[in-house]
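In: here you go, sequence then predicted model.
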Protein chains: 2
Amino acid sequence: MQVVNVLKDYDTLIITGGRMDVKAIRRFLDDLEVMKSDKLNIIAVDGGIERADELGIKPTHIIGDFDTVDPDVLKRYMMDESIQVDSYRPEKDETDTELAADLCKRLESKKVLIIGALGGRMDHELSNIFLLEKFNQYGIMAAIADELNVMVYMTESFYYEKLSSYKYFSLISLSDKIEGLNISGCKYTLSNGSLNQFSSLCISNEITDEQAEVKFKQGKILVISSRDRFN
Amino acid sequence: MQVVNVLKDYDTLIITGGRMDVKAIRRFLDDLEVMKSDKLNIIAVDGGIERADELGIKPTHIIGDFDTVDPDVLKRYMMDESIQVDSYRPEKDETDTELAADLCKRLESKKVLIIGALGGRMDHELSNIFLLEKFNQYGIMAAIADELNVMVYMTESFYYEKLSSYKYFSLISLSDKIEGLNISGCKYTLSNGSLNQFSSLCISNEITDEQAEVKFKQGKILVISSRDRFN
């Protein structure tokens, strides 16, 4: 069974253009040590180019139809020959973040962290969350994070390492029903239980052992580590 | 077929304790004229009591286990005999917002606006969004809003009135697949189409006629009106 640690071992960072507390995200990334990787792909998606600029992070790739980015900032990045540019027509069917998922596949990413995907327009936010399924189909472990939350999408049983900086551990079923669900290593355990789609039964659990163990036969589970405050 | 206008005719306002831009929400509520209703039930949920206080809105009901509200603020509201108090033990199975849904049923609410439910902890946010199904089962039209978004949950074909202040009109399927989907009155129309669960196909549409018409045989659709900015 896969052991998941959502704070470690990212090979790719995606910066999208959603609402972002730049100072908090900067500190969050420093805590994560994600920027210390030698060969980190950094993909700035459309408006995410401005966020990268504010964060002081230089992308290795920029992608999108570039309709939501300041032309001066865009020009500066376009002219930097060390940055790879993927530009698309605005009338495409895919969202910019979907295109970033395809790029991750081409780059053979294994573990991707996505920031700037939460907050702001809810249609964007929800479609970003549901895009985790696409990454999963590509065999990529993708996490969406802001300073209060880190979420991943699981379709198989897993161990989940306790994170000292996140109190809450929540499971949300995106399938009609998860049957034969076993949860151990947590404050609230479950033995051969079931979780209905969108039920709040497994919200605000807490990991008490070194790892939580979550076993189920089949289904789609959104796993969220969260905290009430970030310092 | 039901005609939906998400800006009008609320009989109940629920204020929950999520992250909130108090100034923006205050102006948003003024724009909506929701506070001008004669007999508006105002339910403050736990931490939402402090949000109500900051908004200068006096609740008619307070509800929750009151574990996330400042004791001084709580005491002041508890002692006001014009406010009805529903208190619960912290170990209950339901979230505080679920209890608020049950209260709406007892109050025979027909149309409920929920604020303070977006942002902050994603486990709370998603469980608030999925709670729209519970309101729907109670026969209550419930909307979740912040200054950029208003969302409702529909299980039957509907007309949706164009809102001049919201550019985007998005549909997200919460069912495996919506079959026989027809969308008209919009920039992008659909005739006998299908919408997969969590597909981004119907994101960022725009209503061009007076109303959008959305017809489908069965399924669960999240309808989101959104805008990039609120002044």
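Out: Everything's here; your move.
In: tell me the secondary structure at the residue nearest the centre of chain A.
Out: Centroid-nearest residue in chain A, with Cα atoms, centre = their mean: residue A:144, separated by 1.8 Å. When classified by DSSP: H, G, I helix; E, B strand; the rest coil, residue A:144 comes out as strand.
In: ok, which stretches of chain A are strands?
Out: Assigned by DSSP state E, the strands in chain A fall at A:2-4, A:12-15, A:41-45, A:61-64, A:84-87, A:111-115, A:141-145, A:149-154, A:158-161, A:168-173, A:177-184, A:190-196, A:211-215, A:221-226.
In: now do the longest one against strand A:221-226, angle only.
Out: For strand A:177-184 against strand A:221-226, the angle between stretch directions is 50 degrees (axes from the mean of the first three to the mean of the last three Cα atoms, to 10 degrees).
In: neighbours of residue A:81, just the number please.
Out: Neighbour count of residue A:81, defined by other Cβ atoms under 10 Å in any protein chain shown: 7. Backbone N, C-alpha and C define where each C-beta goes, glycine included.
In: quick check: phi and psi at it.
Out: phi -70, psi -10 (degrees, to the nearest 10).
In: follow-up on the earlier one: and the residue nearest to the centre of chain A, how far is that from chain B?
Out: 8 Å (Cβ to the nearest Cβ, to the nearest Å).
In: surely that residue and residue A:132 touch.
Out: Yes: using Cβ atoms under 8 Å, residue A:144 makes contact with residue A:132 at a distance of 6.8 Å.
In: overlap in contacts, the two.
Out: Taking Cβ atoms under 8 Å, 6 or more residues apart in numbering or on different chains as the contact rule, residue A:144 and residue A:132 both touch residue A:151.
In: single out the most deeply packed of the strands of chain A.
Out: Per residue and on average, the most neighbours among those fall to strand A:12-15, with a mean of 28 (mean count of other Cβ atoms under 10 Å in any protein chain shown).
In: rebuild the strands of chain A as JSON lines, extending it with mean pLDDT.
Out: Shown next, in JSON lines, are the strands of chain A (pLDDT from 0 to 100):
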{"stretch": "strand A:2-4", "mean pLDDT": "96"}
{"stretch": "strand A:12-15", "mean pLDDT": "97"}
{"stretch": "strand A:41-45", "mean pLDDT": "96"}
{"stretch": "strand A:61-64", "mean pLDDT": "94"}
{"stretch": "strand A:84-87", "mean pLDDT": "92"}
{"stretch": "strand A:111-115", "mean pLDDT": "97"}
{"stretch": "strand A:141-145", "mean pLDDT": "97"}
{"stretch": "strand A:149-154", "mean pLDDT": "97"}
{"stretch": "strand A:158-161", "mean pLDDT": "98"}
{"stretch": "strand A:168-173", "mean pLDDT": "96"}
{"stretch": "strand A:177-184", "mean pLDDT": "96"}
{"stretch": "strand A:190-196", "mean pLDDT": "94"}
{"stretch": "strand A:211-215", "mean pLDDT": "98"}
{"stretch": "strand A:221-226", "mean pLDDT": "97"}
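In: tabulate those strands (JSON lines), appending distance to residue B:149.
Out: Output for these, formatted as JSON lines (distance: least, Cβ to Cβ, whole Å):
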{"stretch": "strand A:2-4", "distance to residue B:149": "31"}
{"stretch": "strand A:12-15", "distance to residue B:149": "22"}
{"stretch": "strand A:41-45", "distance to residue B:149": "21"}
{"stretch": "strand A:61-64", "distance to residue B:149": "22"}
{"stretch": "strand A:84-87", "distance to residue B:149": "29"}
{"stretch": "strand A:111-115", "distance to residue B:149": "20"}
{"stretch": "strand A:141-145", "distance to residue B:149": "18"}
{"stretch": "strand A:149-154", "distance to residue B:149": "18"}
{"stretch": "strand A:158-161", "distance to residue B:149": "31"}
{"stretch": "strand A:168-173", "distance to residue B:149": "20"}
{"stretch": "strand A:177-184", "distance to residue B:149": "29"}
{"stretch": "strand A:190-196", "distance to residue B:149": "25"}
{"stretch": "strand A:211-215", "distance to residue B:149": "31"}
{"stretch": "strand A:221-226", "distance to residue B:149": "20"}
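In: up against chain B, what does chain A have?
Out: A:93-95, A:98, A:118-124, A:126-127, A:130-131, A:133, A:148-149, A:151, A:168, A:170, A:172, A:174, A:176, A:197-201, A:203-204, A:222, A:224, A:226-228 (Cβ under 8 Å from any Cβ of the partner chain).
In: how is chain A partitioned into domains?
Out: Annotated domains of chain A cover A:2-148, A:158-226 [automatic domain parsing].
In: now render those domains as TSV, adding distance to residue B:215.
Out: TSV is the format used below for the domains of chain A (distance: least, Cβ to Cβ, whole Å):
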stretch	distance to residue B:215
domain A:2-148	20
domain A:158-226	24
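In: picking up where we left off before, select only the buried ones of the residues of chain A next to chain B in ChimeraX?
Out: Those of those that count as buried under 16 or more other Cβ atoms under 10 Å in any protein chain shown are selected in ChimeraX with:
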select /A:95,98,118,119,120,121,122,123,124,126,127,130,131,133,148,149,151,168,170,172,174,197,198,199,200,201,203,204,222,224,226,227
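In: wait, residue A:168 touches residue A:212, no?
Out: No: with contact defined as Cβ under 8 Å, residue A:168 does not count as touching residue A:212 (11.7 Å).
In: between the two, which contacts overlap?
Out: Joint contacts of residue A:168 and residue A:212 (Cβ under 8 Å, 6+ apart) are residue A:205.
In: so residue A:89 sits right up against residue A:65, yeah?
Out: Yes: using Cβ under 8 Å, residue A:89 is in contact with residue A:65, at 6.4 Å.
In: what sits against the residue nearest to the centre of chain A?
Out: Here residue A:144 is in contact with A:114-115, A:117-118, A:128-129, A:132, A:150-151 (Cβ under 8 Å, 6+ apart).
In: gap between it and residue A:2?
Out: 18 Å (Cβ to Cβ, to the nearest Å).
In: what's the answer for residue A:197, then?
Out: For residue A:197, the distance to residue A:2 (Cβ to Cβ) stands at 23 Å.
In: cool, and residue A:36?
Out: 24 Å.
In: and the closest residue to residue A:34 other than its chain neighbours, what pLDDT?
Out: Nearest residue to residue A:34, sequence neighbours excluded (Cβ to Cβ, 6 or more residues apart in numbering or on different chains): residue A:10, at 5.0 Å. pLDDT, residue A:10: 95.
In: now residue A:10: phi and psi?
Out: The phi/psi pair for residue A:10 (degrees, to the nearest 10) is phi -80, psi 140.
In: isn't it right up against residue A:37?
Out: Yes: the pair residue A:10 / residue A:37 is scored as a contact, 6.8 Å apart, by Cβ under 8 Å.
In: who has more neighbours out of these two?
Out: When residue A:10 and residue A:37 are compared for neighbours, residue A:10 comes out ahead with 24 against 13, by other Cβ under 10 Å.
In: which residues does that one contact?
Out: Counting by Cβ under 8 Å, 6+ apart, residue A:10 has contacts A:32, A:34, A:37, A:40, A:111-113, A:143.
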